[in-house]
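# Need the 3D shape of this:
(2 chains)
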Amino acid sequence: MNKTHNTQKAKKYGMVIDLDKCTGCGACMVACMAENNVPFKKDETNKLDSITWMHLYKLTNGKAFPETEICYLPRPCMHCEGAHGHPPCVSVCPATATDYDHGTGIVSQIYTRCFGCRYCMGACPYHARYFNWWDPVWPEGMKEYLSPNVSPRMRGVVEKCSFCFHRYQLAMDKAYHEGRKELEEHEYQSSCTQACPAGAITFGDLNNPDHQVHKIARPDNEHGGKPSATNVFRLLERLGTNPKVYYMSSREWVRRLGDNYLPHEKTGEIALGKQKGHH
Amino acid sequence: MSTPDDNEKKIPSENHDGEKEGNATLGFAILFFMAGLIGSLLVGWVVFPKLLYSQKEQPIDFNHQVHMDAVSDGCQSCHFYREDGTFAGVPTLAQCSECHESAQTEDPNEVKFVDEYVTPGKEVPWLIYARQPDCVFFSHAAHKEMECKTCHGDIGESTSLKPYEENRITGYSRDIWGDNIGGFGKNTWDSMKMDDCAACHERETGSKGPCFQCHK
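Here you go, the predicted structure:
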C-alpha cells in the first residue's frame, strides 16, 4: 500500500551482530528497556511473562569439558521483509496494528490499534513479540524518567522492538529542519548498538553500499537478502522470513545453531526449491 | 420505534368508514416518528457534544493579533524550531519576559500576566489546544512548507483565546479532532482526525504512509 512512499530512495534498516564479540554482558537489554519505556515487574522470575524487546540467549556447543564453548546471542525483532514486505506477524494481524514500512523496512507496532489477540506472537518464529498482561507499574518517581518519545503501553496489547524508530523520527526532524531529506549513517542508530561496549552490533541501511551493515553482510537483494559474506547468517534462513538482522561468527557450531539442519546438510546450505513459493 | 407498525396493524379491526381515519393515524405515526428522530438527532449532535466536553478558560486571555502586528517573523517569532529540528510550541516564560519584564500597557491581561507570572517567575499553565495523544508523533519540520493556518486555523488573527474544550472521557483537547468530525466543515482545520491526515498524505505524497510515520 505504501510502496510509493514519498520520492526518497527506499531504505532497509538492519543490523549485523558479531557473536564473536558479544560477551553476554546484557548492556543492550538494559539500554533497550530504558530507551523504550519497557515495563517490568517487582518479581521477574517467571521469564514467560517478562518483556524484553532485546533478549539475550545463551548457546552452547553441548560438548563436555574441556571442549565446552559458550556463545551469547542478542535477539531483537528481526524486522522481516518476507517475500514482498509481508512478515509473518503483519500477514496475520486482524487489526492492521502492525505494518511493514517499504520506505524504511521497519515493522511497526501500533499499541492503540492492537486489541491483544496475540496471533502475531504465534506467527513470529523468533519470539520477538511480547504481551502486556498487566498495566505497567513504575517504581516511585520513575515516571519522570520515562522517554516522552516512546508511548508507554497499556494492559492487553502486544509490543516489540521498533529498531528505536523514534530516533529515526527525531533524526528526520533535524534533517528536514536543515533542508535535507537523507540521513547520515551516524544520525540514526539504535540504543542497543550504542550501548554495546564490545561494539558487536552494527546498525544502518542495508541498501546503502556505504553503510557498514551493507559492507559486512553484503545482502543479496535478488535472493531475499541472503548474506553473501562468509560467516554471516540469519536465524531460520530457510523459512523465507527474510529478516534484517544478520549474525556473524567464525565458529561453525554457532552458525549451525541458526537453523534446523539435518545431520547431512552443510551449514549455510539452502536447499533449492525452498526459495520460491513464499507468497 | 414500534409505534408505526402497531398502529397499522390496528387499522383493519376498526370500523369500515375508517379510510380517512386510517390516513390520520398514519399521519400521526409519521409525525411521532419524525419528532422522535429529530429529538434523537438533536441529543446526539447538540446535547451530547456539549456534555462530552468541559470548557476551561486559559489562564491569560492572549491577544494574538496585537502580537502579530508587533513581531517581524510571523508565527515563528514566538513558535519556533529548536536547533535539533523539534518544534518548541508554546513559548516559555523566559521568551515572553524578553519583552514583558514589566507591563507595557494598562491592558488588564498584561498586568495580570506580569503580576502573577513574570514577577514571581512562574510558568503560565497554558492549556494546549493541539496537544496530541501519547501515541502520536507529529513532525512540524516535515510540514514546514505548509501554512500554520491549514491545521491550526486563523488563531493568529484572533484577539481573544477561545475556551479550551476537554473531552471528559479521554482528557484530550477537542481541537485534535476538530469541531466538525463529520467532514462537513468549510475549513481544513475543522476536521483533524487521522483520516484527514491520511487523505492529505495520499494527495501530496501518493501514499497514506506507513503507521510509524505518525505513530510512536
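# beta partners for residue 55?
Since you didn't name a chain, this refers to chain A. Legend: beta-bridge partners of A:His55 under DSSP bridges are A:Arg75.
# that's the other chain; I wanted chain B
Under the criterion used (DSSP bridges), B:Gln55 bridges to B:Glu165.
# From what I see, it and B:Arg168 are in contact.
No - with contacts counted by CB atoms under 8 Å, B:Gln55 stays clear of B:Arg168, the gap being 10.8 Å. C-beta here means a position set from N, CA and C on the backbone, and glycine is covered the same way.
# quick one, helices of chain B?
B:3-10, B:19-42, B:48-52, B:64-70, B:93-97, B:108-113, B:148-152, B:194-205 (DSSP state H).
# closest one to chain A among those?
Nearest to chain A, of all the helices of chain B, is helix B:194-205, at 5.2 Å by CB to the nearest CB.
# interface residues of chain B facing chain A?
Taking CB under 8 Å from any CB of the partner chain as the contact definition, chain B meets chain A at B:81, B:84-86, B:133-135, B:137, B:139-142, B:144, B:205-213, B:215-216.
# ok, so what distance separates the residue most central in space within chain A from chain B?
With distances taken as CA atoms, centre = their mean, A:Cys77 lies nearest the centre of chain A, 2.8 Å away. Distance of A:Cys77 to chain B, computed by CB to the nearest CB, to the nearest Å: 13 Å.
# So, low pLDDT: which residues of chain A?
Scanning chain A with the threshold set as pLDDT under 70 gives A:1-8, A:271-279.
# What's the local residue count around residue 42?
Using chain A. 6 (other CB atoms under 10 Å in any protein chain shown).
# Oops, wrong one, chain B.
B:Leu42 has 11 nearby residues by other CB under 10 Å.
# Which pLDDT does the model give it?
Confidence at B:Leu42, expressed as pLDDT, is 93.
# next structured bit after the longest helix along chain A?
The longest helix of chain A (DSSP H) is helix A:165-177. Scanning forward in sequence from helix A:165-177, with DSSP states H and E defining helices and strands, the next element found is helix A:191-195.
# does A:Ala31 sit in a helix, a strand or a coil?
In three-state terms, and counting by DSSP: H, G, I helix; E, B strand; the rest coil, A:Ala31 is helix.
# Check A:Cys80 too.
Applying three-state DSSP: A:Cys80 is coil.
# State the phi and psi torsions of it.
Backbone dihedrals for A:Cys80, given as degrees, to the nearest 10, come out at phi -60, psi 140.
# just checking, it touches A:Gly240?
No - contact criterion CB under 8 Å: A:Cys80 and A:Gly240 do not qualify, at 9.2 Å.
# Can you mark which positions in stretch A:85-94 are buried?
Across stretch A:85-94, burial judged by 16 or more other CB atoms under 10 Å in any protein chain shown covers A:Gly85, A:His86, A:Pro87, A:Pro88, A:Cys89, A:Val90, A:Val92, A:Cys93.
# Just the endpoints, please. Distance across it?
17 Å (CA to CA, to the nearest Å).
# How about stretch A:137-144?
13 Å.
# Roughly how far does the residue nearest the centre of chain B sit from B:His152?
When CA atoms, centre = their mean is applied to chain B, the residue found nearest the centroid is B:Asp175 (2.7 Å). According to CB to CB, to the nearest Å, B:Asp175 and B:His152 sit 8 Å apart.
# if I look at the two, which residues touch both of them?
B:Ala130 (CB atoms under 8 Å, 6 or more residues apart in numbering or on different chains).
# Need the nearest residue in space to A:Glu252, chain neighbours excluded.
A:Thr267 (5.5 Å; CB to CB, 6 or more residues apart in numbering or on different chains).
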